[in-house]
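K.L.:
I'll drop the sequence and a predicted model, then ask my questions.
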Amino acid sequence: MLSKDIYTKNKPADRNVLDTLFVYGSLNSLYHLQLLTGKQLRSEEATLVDYRRIHPESGYPFAVPWRGSKIDGQLVYGVTPDIIKKLDEYESEGNLYFRKTVQVSLGQKSITAYVYIGNPEALKPLFKAGLEKRHRIEQFVEENVNRYLSDKADRCLIYDRESIPLRVTKELLSEEIHSIIRQYFQEAGFPPFIIKHEIESANIPRLTWLKREPKALNYAANYIKLMIKFIVFNQLEERFRTHFRSQIEIQDEYYMHTVSALLSLKMLTLYSDELNAAIQQLNLDSYQPKMSYIDYTVAAIFIAEQIFSMPRAEMVVEWLRSNRRVGGVPLGAELEFSNLGVNAIKASPGEDPLFDSFYYFYDFDLMRRGWKLGAHIDDHKFLTSSATRTRGFLELAFGRYKLFGDVSKPATQDTWILSRLIDLAVRYMEVKPHSLHISMQISQHQNFNKLTSPDHLLCLLLLGGDLREDSEQKLREMRIHRGEIIYPKVGLYFSRLNRHHKNPDDDSWNYVVEYQFPRLYFEYDYQPLIMAIKGFQIAANPYPFKDCKGCFHEGYHAELERFLKKWASKPTLVPFSSIESFLSLVEEGLWQEAKKTSPKYKNYIPEMIGKIEKQIIRRNERIRHYYDRKQRIPY
């Protein structure tokens, strides 16, 4: 039964004596203690008698007095007053928890120690929200980082609303904050002075450089609107992660912002009219010399406040919950945008009247604004510095949280999430979509096979390629025919073996097969294509076309390249027997994947096989109709 003195407070004098602490929950881990205190502490197994450990389903453990019960945990030594101060803050001592002095059993000995016992009434709202111990530790670290941000904000910004300086500083330094927190967890609480130094040295972007660059003024309005849209997106993404942690939680091996990014893009596309009206009303689609970078940021934050509401957010979260289809293969995607299409990289100055092929992207600090979506400029070279101006494609690389060094995690295991993320990003960016890369993670020791049927590649092209008539009304597959994925002296990049760093500080890699042939379309459902690529790769397991060391079939790949180039210049009907064998292969691969998935995903497979078949046949019929019109049907 519960003791009557559950919340009896210790006298202040007791708090200056003890250097021992009994831990049983989130603190019952020397790693977590080091994260929170920055110290390596010694401990040994111990027992707390007449207390009971309570662990709700959606929350973290807490102890309450309970005669006749006991809790097994650890007795931690060397707990200094400074450490107690940090832990009091973490445990919200006096609110969520109360620190008491207790007797702890250590074998036959009884030792006096501190322990934090829970206040169920105060903890109940957190459990209802699904706040778990990992979230608590992340929240604690973020609050400590916020202190240094507040100091910087108070010196750099002055606004009537008290919360605005901190929010602006957090927005403008969000990439640095993410890096600091990631490093904090990797190094188990590295020294606070490093956190302070990193924040102090991070620069607040400015627009004063525009006075020295009159040519850039021609494009400033478009860059500023893109900047505003990135900031509004970031603000909504942070709100979804804050308010719906338990609903959007994913495994550590996946990119933490994927699901919240999807929810943010969904809300912003649903209320795009409201967003655009606010941008126009505040003249944020134009360059105003009297406005600073900070002023534009404040305006974007106000727009985000206007758009986000809990009823709207709950509706979007329900949309996510009812549609998730978690598979077994880690997936990723890279999206390229350009108003000039394939000519983006070789464009002349001013050829693109809107962005000058994103030549000033880094000047407007847009990589730091768009880092959650992996935004950068791809000029098909190895970029080593954001200080380098270059013309190319605007690329979004989902899951890439550090551009330089190619550091990334898979975006998701869910085909539906990835396809919706692609579709919503295309709608939101307001730049002409160009191309899409779909990647799937494989084992580092993958043994590939020789492709059995070239026609299977044609089925993939029917699903995701660019089959249309050129300016001379001749039917082509444009991605290959125009050489968009053919590199000089290297050849056709239909697919490639790639690898991404899991962590910037170690040598481990994720190996992925990356398919580079798809065209990126507006309002297009990529679920059938992604599922077909997965099933095909799992079942057939063909050698990627490029970058696969030790491939025994280079000669055969050269034949395949000639075959695909010939077909792309004059597409012919894919035999029905080849379509049938391709579908059988895809289905076989998807059922292999489904062995470790949920019944919901298994029910999803027949639906997708039907859509894959329908799309291939529809594209094949387009070829037939083309030759019917030309009155010459080659078979």
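P.N.:
Good, I have the coordinates.
K.L.:
for the lengthiest helix in the chain, which positions count as buried?
P.N.:
Longest helix in the chain by number of residues (criterion: DSSP state H): helix 599-630. Judged by neighbour count (16 or more other C-beta atoms under 10 Å), helix 599-630 contains these buried residues: 601, 604-605, 608-609, 611-613, 615-616, 619-620, 623, 626-627. Using the backbone N, CA and C atoms, a C-beta is placed for each residue, glycine as well.
K.L.:
same thing with stretch 447-455?
P.N.:
Under 16+ other C-beta under 10 Å, the buried positions of stretch 447-455 are 448, 451, 455.
K.L.:
May I ask which two of the buried residues of helix 599-630 are separated the most?
P.N.:
601 and 627 (39.6 Å; C-beta to C-beta).
K.L.:
Quick one: residues in contact with the helix or strand hosting residue 557.
P.N.:
Here residue 557, judged by DSSP states H and E, is contained in helix 554-569. The contact list for helix 554-569 (C-beta atoms under 8 Å, 6 or more residues apart in numbering) reads 450-451, 454, 457-458, 461, 476-481, 486, 491-492, 494, 543, 545, 551.
K.L.:
If you average the pLDDT over the helix or strand that contains residue 165, what comes out?
P.N.:
With the criterion set as DSSP H and E, the secondary-structure element containing residue 165 is helix 164-172. Per-region confidence: helix 164-172 scores 80 on mean pLDDT.
K.L.:
got it, and stretch 269-285?
P.N.:
When pLDDT is averaged over stretch 269-285, the result is 95.
K.L.:
ok, back up a step: out of the contacts of helix 554-569, which are inside strands?
P.N.:
Helix and strand membership here follows DSSP state E; of these, those in strands are 476-477, 486, 491-492.
K.L.:
Reformat the residues you listed as a markdown table; add pLDDT and distance to residue 499.
P.N.:
Compiled in a markdown table, the ones in strands among the contacts of helix 554-569 are given as follows (pLDDT from 0 to 100; distance: C-beta to C-beta, whole Å):
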| residue | pLDDT | distance to residue 499 |
| --- | --- | --- |
| 476 | 97 | 33 |
| 477 | 97 | 28 |
| 486 | 92 | 23 |
| 491 | 91 | 20 |
| 492 | 93 | 20 |
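K.L.:
biggest separation within those residues, which pair?
P.N.:
Largest separation among the ones in strands among the contacts of helix 554-569 by C-beta to C-beta: 476 and 491, giving 19.0 Å.
K.L.:
which of those two has more neighbours?
P.N.:
Here residue 476 and residue 491 are set side by side on neighbour count (other C-beta atoms under 10 Å), and the busier one is residue 476, at 20 against 16.
K.L.:
For the residue lying closest to the more buried one once chain neighbours are set aside, the count of nearby residues, please.
P.N.:
Leaving aside its chain neighbours, residue 476 sits nearest to residue 470 (5.3 Å; criterion: C-beta to C-beta, 6 or more residues apart in numbering). Using other C-beta under 10 Å, residue 470 is surrounded by 11 other residues.
K.L.:
quick one: residue 470 and residue 478 touch, right?
P.N.:
Yes: in terms of C-beta atoms under 8 Å, residue 470 counts as a neighbour of residue 478; the distance is 7.4 Å.
K.L.:
helices and strands around the helix holding residue 165, which ones?
P.N.:
Using 3 or more C-beta pairs under 8 Å, 6 or more residues apart in numbering; DSSP states H and E as the contact criterion, the secondary-structure elements in contact with helix 164-172 are helix 133-156, helix 220-243, helix 293-307.
K.L.:
Show me where the stretch 151-300 of the chain dips below the pLDDT cut-off.
P.N.:
Using pLDDT under 70 as the threshold, the predicted model of the stretch 151-300 of the chain has low-confidence ranges 151-163, 181-198.
K.L.:
at 90 instead, please
P.N.:
151-204, 242-243, 245-256, 294 (pLDDT under 90).
K.L.:
in the stretch 351-500 of the chain, which spans are strands?
P.N.:
Using DSSP state E, counting those that start in this stretch, the strands of the stretch 351-500 of the chain run over 375-378, 393-397, 400-402, 407-408, 412-414, 433-442, 467-469, 475-477, 486-487, 491-492, 495-501.
K.L.:
could those strands go into TSV alongside distance to residue 359?
P.N.:
Converted to TSV, these look like this (distance: least, C-beta to C-beta, whole Å):
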stretch	distance to residue 359
strand 375-378	9
strand 393-397	11
strand 400-402	22
strand 407-408	25
strand 412-414	32
strand 433-442	17
strand 467-469	30
strand 475-477	30
strand 486-487	23
strand 491-492	29
strand 495-501	27
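K.L.:
Please consider this matter closed, and thank you.
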